[in-house]
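Q: Quick one: sequence plus predicted model below, questions after.
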Amino acid sequence: MCAKRPNHQLARAPGIWEETIRVLHPWDVCAMDDSEGRSVQLGEGYRTLLWIWMAPGLRAMGDTAGTPEMHEALRIEWAKCHARRNRWVEEELLVKEEIQRTIAFCEYKAEQWTERATARPGLPLDLLDGVRAYAYYQAASSMTGRHLFAYYFHALALSGHGTDEDLDDEPDDDLDDLEI
């Protein structure tokens, strides 16, 4: 495969390859698992597979002599991507559970502080007023935190982050059916 389309066009007549082969840029020329230059990105969830690895295989272009090494490399890369996706889905479920627990904990703390406000009836009136004011203040702070967490988590879900609508629920672990 040539590195530049203009040179390739001079060498061959027009055909289906023009629809599937794009111009290669310097950032396109790297291995499937090349991590060079990715240190600035946020994490594995933001990894993008280059177009060249998703281009139709040699069979689609009329050549049936796809090398076994290339097929094995693509199967390995697919397995890595699949495992990365499964870890991402699992992490998403854990974050959703943590969100629910955080909201429930804030509600629990508010209830605890409300109970503390009335738990000491034998205190002097001036001290009792201070204890109640502090307990109600803490309860209100906990409920404010609960409402803020719920608001931001809801806004995050509405923005499209943290949703799994584009993921199927059934695992597709069968590597034998992988068409390369």
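A: That came through fine. Numbers count the residues shown, from 1 in each chain.

Q: Now do the helices in this protein.
A: Using DSSP state H, the helices found in the chain span residues 5-11, 17-20, 68-117, 125-158.

Q: Which one, of those helices, ends up nearest to W27?
A: helix 5-11 (16.1 Å; C-beta to C-beta). Where you see a C-beta, it was placed from the backbone N, CA and C, and this is true even at glycine.

Q: and the helices of the chain, which one's lowest on average pLDDT?
A: Here the helices of the chain differ in mean pLDDT, and the lowest is helix 5-11 at a mean of 52.

Q: Make a markdown table out of the helices of the chain and add distance to P26.
A: Shown next, in a markdown table, are the helices of the chain (distance: least, C-beta to C-beta, whole Å):
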| stretch | distance to P26 |
| --- | --- |
| helix 5-11 | 15 |
| helix 17-20 | 21 |
| helix 68-117 | 21 |
| helix 125-158 | 36 |
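
Q: can you redo the ones you listed as a markdown table with mean neighbour count?
A: Shown next, in a markdown table, are these (neighbours: other C-beta atoms under 10 Å):
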| stretch | mean neighbour count |
| --- | --- |
| helix 5-11 | 11 |
| helix 17-20 | 13 |
| helix 68-117 | 14 |
| helix 125-158 | 14 |
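
Q: For R120, grab phi and psi.
A: Torsion angles at R120 (phi, psi; degrees, to the nearest 10) stand at phi -120, psi 80.

Q: my bad, H25
A: Dihedral angles phi and psi of H25 (degrees, to the nearest 10) take the values phi -100, psi 160.

Q: gap between D126 and A139?
A: Going from D126 to A139 by C-beta to C-beta, to the nearest Å gives 21 Å.

Q: just R101 next, same as before
A: 19 Å.

Q: One more: F105?
A: F105 is 14 Å from A139, by C-beta to C-beta.

Q: gap between P68 and R75?
A: Using C-beta to C-beta, P68 is found at 10 Å from R75.

Q: swap in T102?
A: 41 Å.

Q: L93 too?
A: The gap separating L93 from R75 is 27 Å, by C-beta to C-beta.

Q: Could you do P124 as well?
A: 77 Å.

Q: Enumerate every residue touching the residue nearest to R120 when sequence neighbours are not counted.
A: In space, R120 comes closest to V131 once its chain neighbours are excluded; the distance is 6.2 Å by C-beta to C-beta, 6 or more residues apart in numbering. V131 sits next to 116-117, 120, 123 when contact means C-beta atoms under 8 Å, 6 or more residues apart in numbering.

Q: I appreciate the help and will end here.
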